[in-house]
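Q: sequence first, predicted model second:
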Number of protein chains: 2
Amino acid sequence: MAAKKPRKTRKERIIEVAERLFAKRGYDGVSLRQITREAGVDVALVKYYFGSKQGLFDALLKRRADILNRERSEALDRVLERSNPAPVEDIIDAFTHPILNEIVGEDDTWRHYFGLLAQINNNPEWGGMTMSRYFDPLVRRFIDALRDALPDADEVDIYWCYHFLSGALTLTFADTKRIDALSNGLCHSSDFESVHKRMVPFITAGFKAICEGESRPPWRAKENT
Amino acid sequence: MAAKKPRKTRKERIIEVAERLFAKRGYDGVSLRQITREAGVDVALVKYYFGSKQGLFDALLKRRADILNRERSEALDRVLERSNPAPVEDIIDAFTHPILNEIVGEDDTWRHYFGLLAQINNNPEWGGMTMSRYFDPLVRRFIDALRDALPDADEVDIYWCYHFLSGALTLTFADTKRIDALSNGLCHSSDFESVHKRMVPFITAGFKAICEGESRPPWRAKENT
DNA sequence: GTCTATAGCTTGATAGAC
DNA sequence: GTCTATCAAGCTATAGAC
């Protein structure tokens, strides 16, 4: 059918195979030899291009983090241009929609990256630090926008709500097929559009329930009397 | 100080050290030699008691799954005895509260187990299957209760909302310290009580927004006209 | 039940030829 | 840039002594 794509460089091949394998089996579940064998290159090239296994891992994380951070930041810009403070729903959408766009786009390698992020986000040893390093500067922009959108919110509440968003989002893109089994085939974990259109109002409702002034949550009742 | 606890059996020591190390570094990040060295026993005992590394892993997963499933099931029984259909909030609480109880109880080894579950839940290769095996029979009981509590809900919506709950819950118990950095020390990922009291109303509001008849979500508008 | 000893393999890294 | 060759270390699993 389509003409053969131009052959990628060895460096690119290494990084793409590594991304796919790390996403599937985790950092410790993959060896450099498996990566280089599938990429059709020699093991020694990993040292040449990336210094070490860890260096390869960091390079591949940073590569798409830079792209994603820019896309999310621009999405937030557009929302804030339209209205500032912006509706909570629009802010959440600006955070999640760029992921959806990439994952359903032509380049199906993005889903490997998000699967990897899901594992990192839930890694107790170095996951928190790693996520913070690559994404917290951007997340702070979203937190600021949410603070403006929810002026009566307690700062702590906003952080926890973001945490719930982060958990729901990364599990979604982990694409574990669990929901397929649980729902007897009614839902598919790879049906990212179905889940996204539910996730945004779900999370928005959660934020409003916890952070909006009108309905003070139960645990704050005592403080306010 | 307190008197020395009675010495545990070697089998118990293996399983407890394995649980802690697997939780910290994942299945592939830990070797049998590290486990048995820390437990002060010989490697060969793993084969004797559990057959293999995988057998040890399965045994340690099942051990606490049985306990947790019983506690959650009893919590749901109590809620349904009080009122059936039960309030959504009470059903969510019955699902999450037993975890909180264990994690803040005296036996601080439970938090290792939940940290491990967080990683499994987000593992794309075998995580979905593993979670389903140990927990789906119980989860179906909760789904049933939620269906009764939300009679206008589309079945698919309930599954997806459960999925969001699952993601938020497991990230919480992954305890990655990311929220500590993001919030500049305002929140602590190990402050499970703070997060739990926010998580239940957050998730409840999400369920209601997506599944309750009064406010049909936007994507169903077209189907209903 | 517990240990010694070891088979058989794989790992990440790297020195050095080309 | 790329490859060959190799190192030292680690791995799971297991046979067999006690």
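A: Thanks, I have it.
Q: same question for the host helix or strand of A:Ile99: list its buried residues.
A: In the assignment (DSSP states H and E), A:Ile99 maps to helix A:88-104. Residues of helix A:88-104 classed as buried: A:88-100, A:102-103 (neighbour count, 16 or more other C-beta atoms under 10 Å in any protein chain shown). Just so you know, the C-beta spots here come from the backbone N, C-alpha and C atoms, and that holds for glycine as well.
Q: what angle separates whichever helix in chain A runs longest from helix A:88-104?
A: Secondary structure of chain A per DSSP state H: the longest helix is helix A:53-82. Using axes from the mean of the first three to the mean of the last three C-alpha atoms, to 10 degrees, the direction of helix A:53-82 lies 140 degrees away from that of helix A:88-104.
Q: next one: helix A:53-82 to chain centre, how far?
A: Its chain's C-alpha centre and that of helix A:53-82 lie 10 Å apart, by C-alpha atoms, centre = their mean, to the nearest Å.
Q: contacts (any at all) between DNA strand C and it?
A: Yes: interface with DNA strand C: helix A:53-82 contributes A:Lys53, A:Gln54 (C-beta under 7 Å from any atom of the strand).
Q: report all helices and strands that that helix contacts.
A: With contacts defined as 3 or more C-beta pairs under 8 Å, 6 or more residues apart in numbering or on different chains; DSSP states H and E, the packing partners of helix A:53-82 are helix A:10-25, helix A:32-39, helix A:44-50, helix A:88-104, helix A:110-121, helix A:127-149.
Q: which parts of it are buried?
A: Applying 16+ other C-beta under 10 Å to helix A:53-82 flags A:53, A:56-61, A:64-65, A:68-69, A:71-72, A:75-76, A:79-80 as buried.
Q: quick one: neighbours of the closest residue to A:Phe202 other than its chain neighbours, just the number.
A: Nearest residue to A:Phe202, sequence neighbours excluded (C-beta to C-beta, 6 or more residues apart in numbering or on different chains): B:Gly206, at 3.8 Å. Around B:Gly206 there are 29 other residues, counting by other C-beta atoms under 10 Å in any protein chain shown.
Q: residue contacts, the closest residue to A:Asp90 other than its chain neighbours?
A: Leaving aside its sequence neighbours, A:Asp90 sits nearest to A:Val79 (C-beta to C-beta, 6+ apart; 4.6 Å). A:Val79 makes contacts with A:Ala86, A:Asp90, A:Ile91, A:Asp93, A:Ala94, A:Ala145, as judged by C-beta atoms under 8 Å, 6 or more residues apart in numbering or on different chains.
Q: same question for A:Tyr113.
A: Contact analysis of A:Tyr113 by C-beta under 8 Å, 6+ apart lists A:Glu19, A:Ala23, A:Arg64.
Q: gap between the last one and DNA strand D?
A: Going from A:Arg64 to DNA strand D by C-beta to the nearest atom of the strand, to the nearest Å gives 21 Å.
Q: and that residue, what does it touch?
A: A:Trp110, A:Tyr113.
Q: pLDDT score assigned to A:Thr9?
A: Here, the pLDDT recorded for A:Thr9 equals 95.
Q: excluding covalently adjacent residues, which one is nearest to A:Ala86?
A: In space, A:Ala86 is closest to A:Val79, 4.7 Å off (C-beta to C-beta, 6+ apart).
Q: and if you look at A:Arg33?
A: That would be A:Val43: by C-beta to C-beta, 6+ apart, it lies 5.8 Å from A:Arg33.
Q: count the residues that sit near the one you found.
A: A:Val43 has 12 nearby residues by other C-beta under 10 Å.
Q: contacting residues for it?
A: A:Val43 neighbours (C-beta under 8 Å, 6+ apart): A:Leu32, A:Arg33, A:Thr36.
Q: so how do I select the buried members of those in ChimeraX?
A: Filtering the contacts of A:Val43 down to the buried ones (16+ other C-beta under 10 Å) takes a single ChimeraX command:
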select /A:32,36
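Q: and DNA strand D, which of the contacts of A:Val43 contact it?
A: Of the contacts of A:Val43, not one also sits near DNA strand D (C-beta under 7 Å from any atom of the strand).
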